[in-house]
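*Asks:* Show me the folded form of this:
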Amino acid sequence: MTLALISGLLERVADGLALTVVGMGVVFVALALLMMMITGLNRVRVRREAKALAPKAAASVAETALDAASADDKAISPRLVAVISAAVAAALGPGTRVHRVRFVGPGGRGQWAASGRAGIMGSHRPQLHRGSRPRGG
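*Replies:* Just a heads-up that it's a prediction; the model follows:
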């Protein structure tokens, strides 16, 4: 009787494991299909928005180039302003505008600017906390 009881128990456990694996597989496949559908719809949306905004972006870049070129600094050519405006629109989106482009010499703005740059660059440097050691050694 004990052998039959153990055999029946093992059979139930095997059935439960098989049901669990099948159920988890179905859920995993459904989630993967859902993820692919969402990704595909997002790509379609991005393409449609890019097509709709392309003429607006070109007009905005041209308008921005003319505005910035008519500013007080005549040392920068309108062509360079157009190139900078196009780069800004490509990087940040078509809704952005360049209001002014001006030349800053190689000296920067003095000690305050150098201190600010050093602070920003130093904040990106990985640092060890007290009492910790580098991993892997």
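*Asks:* Val101 contacts Ala82, correct?
*Replies:* No: because the distance of 10.1 Å does not satisfy C-beta atoms under 8 Å, Val101 is recorded as not touching Ala82. Any C-beta I mention is one placed from the backbone N, CA and C, and that applies to glycine too.
*Asks:* all helices of this structure, in order?
*Replies:* Per DSSP state H, the chain carries helices over the ranges 2-69, 78-92, 111-123.
*Asks:* Output the below-cut-off pLDDT ranges for the protein.
*Replies:* 1, 54-75, 104-109, 124-137 (pLDDT under 70).
*Asks:* Apply 50 and report the result again.
*Replies:* Across the chain, residues meeting the criterion (pLDDT under 50) sit at 71-73, 137.
*Asks:* Thr96 - how many residues pack around it?
*Replies:* By other C-beta atoms under 10 Å, the residues close to Thr96 number 15.
*Asks:* do the same with Ser85
*Replies:* Other residues near Ser85 number 24, with proximity taken as other C-beta under 10 Å.
*Asks:* ditto for Val26
*Replies:* Using other C-beta under 10 Å, Val26 has 10 neighbouring residues.
*Asks:* Would you mind measuring from it to Arg12?
*Replies:* Applying C-beta to C-beta, to the nearest Å, one obtains 21 Å for the distance of Val26 from Arg12.
*Asks:* Kindly report the same for Ser123.
*Replies:* Ser123 sits at a distance of 60 Å from Arg12 (criterion: C-beta to C-beta).
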